[in-house]
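Undergrad: just a sequence and a predicted model for now, questions to come.
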Amino acid sequence: MAEQGLRVLGFAHRELAAATSQARPAWSLGAGRVADPPRPEVPEAIARWSFGRYQGDHGDRRSPSHGVAIAREIGLVTTSSPLVVHGEALRRMTAAQLQIALENPEILFTRVTAEQKMLVVQA
């Protein structure tokens, strides 16, 4: 579902038994999905500015697949497998490795700090 740009939510519910009861009540479990689409005007703005790179944030609980799905929805990603660089991997890259990564036609940076964004811009 993350690859479709959806968030997955899990639910659990259990009725508590009376304090004197020895029986353990059953759990009810479920899952749901939530769409969090970009604003309708975003694809046009992307096309007008012709961004070559996307620095995104898939949040603490979102997967990189979610970021790729959103980037694809707004027109930033058109290939089947863009390079995704997480902030932790970016932190470990040398300047030469970053230069090589930036040669990729489609690259998404996720969970990057302000300082890391400056490194990418400078590179």
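TA: Noted; the coordinates are in hand. Fair warning: this is a prediction, and the values are worked out from it, not measured in the lab.
Undergrad: what about the helices in the chain?
TA: 42-49, 64-73, 87-92, 95-101, 114-122 (DSSP state H).
Undergrad: by mean pLDDT, show me the worst of these.
TA: Note on these: lowest mean pLDDT is at helix 42-49, with a mean of 69.
Undergrad: and P105, how close does it get to A96?
TA: Distance, P105 to A96, by CB to CB, to the nearest Å: 19 Å. The way it works is simple: take the backbone N, C-alpha and C, and place the C-beta from them, glycine included.
Undergrad: so what pLDDT did V85 get?
TA: We have a pLDDT of 90 for V85.
Undergrad: check contacts around it.
TA: 93, 101, 107-110 (CB atoms under 8 Å, 6 or more residues apart in numbering).
Undergrad: same question, G87
TA: By CB under 8 Å, 6+ apart, the neighbours of G87 are 109-113, 116.
Undergrad: I'd say L108 and H86 touch.
TA: No. Shown here, L108 and H86 do not form a contact pair, counting by CB atoms under 8 Å, at 9.6 Å.
Undergrad: alright, calling it a day.
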